[in-house]
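*Asks:* The following comprises the amino acid sequence and a computationally predicted model.
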Amino acid sequence: MTSQTNSLNNFLERVYRLRDHNTTVRTEIIAGFTTFMTMAYIIVVNPSILSDAGMDFGAVLTATCLAAGLTTILMAFYAKYPFALAPGMGLNAFFAYTVVIGMGYSWQLALTAVFVEGLIFIVMSFFRVREAIIDSIPMNLKYAVSVGIGLFIAFIGFVNAGIVEGGGAILQLGDMSNPSAILAVIGLIITGILLYKKVRGALFIGILLSTAIGIFMGVAELPSSIVQAPLSMKPTFLAALKVDWATIFSLDFLIIIFTFLFVDVFDTVGTVIGVASKADMLDTKGRLPKASQVLLTDAVGTTVGALFGTSTVTTYVESASGVAEGGRTGLTALTTGILFLLALFLSPIFQIIPGAATAPALILVGLFMMEPIFKVDLKDYTEAIPAFLTIIMMTIAYSIAEGIVFGMLSYTLLKLFTGKAKEVSIVMYVLSLIFILRFFL
């Protein structure tokens, strides 16, 4: 048994060069579990949202697990980064509530739009369009993206726990007597103590302990069964190909595709930059090695996910939680991907983890991602203002993409009107023009 374990460790060392990345098999596996735990909510939330559009809940649940598991494993072996993928929040809401319910299109046609979007992304990946966007973003904005994502993740954690809710002028303190809010505070204290004592896997252990406490508090319930057979994907499988293709040339359909493209491009770019910056994966010029592999994996995930029967698959911001646990290689992603596939059979177990149990991990990841703020040049207002807008707009607009838009657009305009136009790349000028047209059109 020992020789087999050593052989496996040696294999993983060769594939992922763990020593070169200053990590271990144990660290990577714990990081993978942590990433999964913080994003496992999508297993239930995604089918809940898409079922409002008339899609079969069980079929979407299976499609969600398969799409997330397979594309995250592809990331593990192709790009070898600790990034996980799954159907994106926000994009699934646009799919269900705007395209289907609001505009009156069938969910089959909406899936076709996602499928076409994925094909366009694959072409863009081969021509390195999204990679060019990443490379064009100034270094100060890249630092700001990391900080902004940290605040965005923390905000998600506060909302999931019920500590913050809509009300008052815009937001207000939630009901702190609510068991979910109390559990989140308890989990925050427990996880904080574990971090102070430098316990490896503190975020993951904090999630498990919070879930256990949540069971006694009535916030979580033990499942009646542990194992169940995967639900049939037949109602949604390949539905994206069973539509009148003539409709794809309508103006409304083109607008739908553009919206999916726009949000997904900048969500993915922001997530990749933010998480990579936190993990010190960017080179001296602020570029991510093998960025094309990351983006192609993301594109393939969107295409495959549409064929399975789910909305746009994208790189997940919760990947930052695994990076915060020390995950640095594709072994983290491999662990997360395998867990998504296991969730097909063990979904009752994963469904007991309440949002209040994962909230402390998300909040503390926000703390971890604040560090790059020290690298932002706050004395030059043509650098500081765009960085600030990037950070703040991600949270208050509840969108990574919109934060990047405000940051890049303000950067271009400030440089242009302060005599520093040469500091802005051609790509930034083109993107800024697109942003302006988008606001008005």
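*Replies:* Thanks, I have it. Residues are numbered from 1 along each chain as shown.
*Asks:* Geometric centre of the protein: which residue is closest?
*Replies:* Among the residues of the chain, the one closest to the centroid is Y316, at 1.7 Å (C-alpha atoms, centre = their mean).
*Asks:* Now for it: which residues touch it?
*Replies:* With C-beta atoms under 8 Å, 6 or more residues apart in numbering as the criterion, the residues that contact Y316 are 35, 39, 83-86, 88, 271. Glycine gets a C-beta too; all of them are placed from N, C-alpha and C.
*Asks:* same check, this time on G218
*Replies:* P179.
*Asks:* and it, how far is that from P354?
*Replies:* According to C-beta to C-beta, to the nearest Å, G218 stands 10 Å off from P354.
*Asks:* Likewise for R17?
*Replies:* Relative to P354, R17 is positioned 37 Å away (C-beta to C-beta).
*Asks:* More neighbours: which of the two?
*Replies:* When R17 is set against P354 and neighbours are counted by other C-beta atoms under 10 Å, the residue ahead is P354, at 24 against 13.
*Asks:* Let me know whether the more buried one touches A220 as I believe.
*Replies:* Yes. Using C-beta atoms under 8 Å as the test, P354 is close enough to A220 to be in contact (4.8 Å).
*Asks:* can you list residues touching both of those two?
*Replies:* Residues touching both P354 and A220 (C-beta under 8 Å, 6+ apart): 211, 214.
*Asks:* so where's the stretch 251-400 of the chain shaky on pLDDT?
*Replies:* Under the criterion pLDDT under 70, the flagged ranges of the stretch 251-400 of the chain are 251, 278, 350-351.
*Asks:* And the helices in it, which stretches?
*Replies:* Here the stretch 251-400 of the chain has its helices, by DSSP state H, counting those that start in this stretch, at 251-278, 291-308, 319-324, 330-350, 355-368, 381-396, 400-416.
*Asks:* how about the ones you listed, which one is nearest I205?
*Replies:* Each of the helices of the stretch 251-400 of the chain was scored for nearness to I205 using C-beta to C-beta, and the closest is helix 355-368 (10.1 Å).
*Asks:* ok so, going back, looking at the contacts of Y316, which are in helices?
*Replies:* Restricting the contacts of Y316 to those inside helices, with DSSP state H as the criterion, leaves 35, 39, 271.
*Asks:* wait, which of these is closest to S292?
*Replies:* Using C-beta to C-beta, T271 comes nearest to S292 of the ones in helices among the contacts of Y316, at 16.0 Å.
*Asks:* contacting residues for that closest one?
*Replies:* Residues counted as contacts of T271 (C-beta under 8 Å, 6+ apart) are 83, 149, 314-317, 319, 400.
*Asks:* State the distance from the residue nearest to the centre of the chain to V145.
*Replies:* 15 Å.
*Asks:* can you check F374 too?
*Replies:* Shown here: F374 relative to V145, a distance of 15 Å by C-beta to C-beta.
*Asks:* between the two, which one's more packed in?
*Replies:* Here F374 and V145 are set side by side on neighbour count (other C-beta under 10 Å), and the busier one is V145, at 30 against 9.
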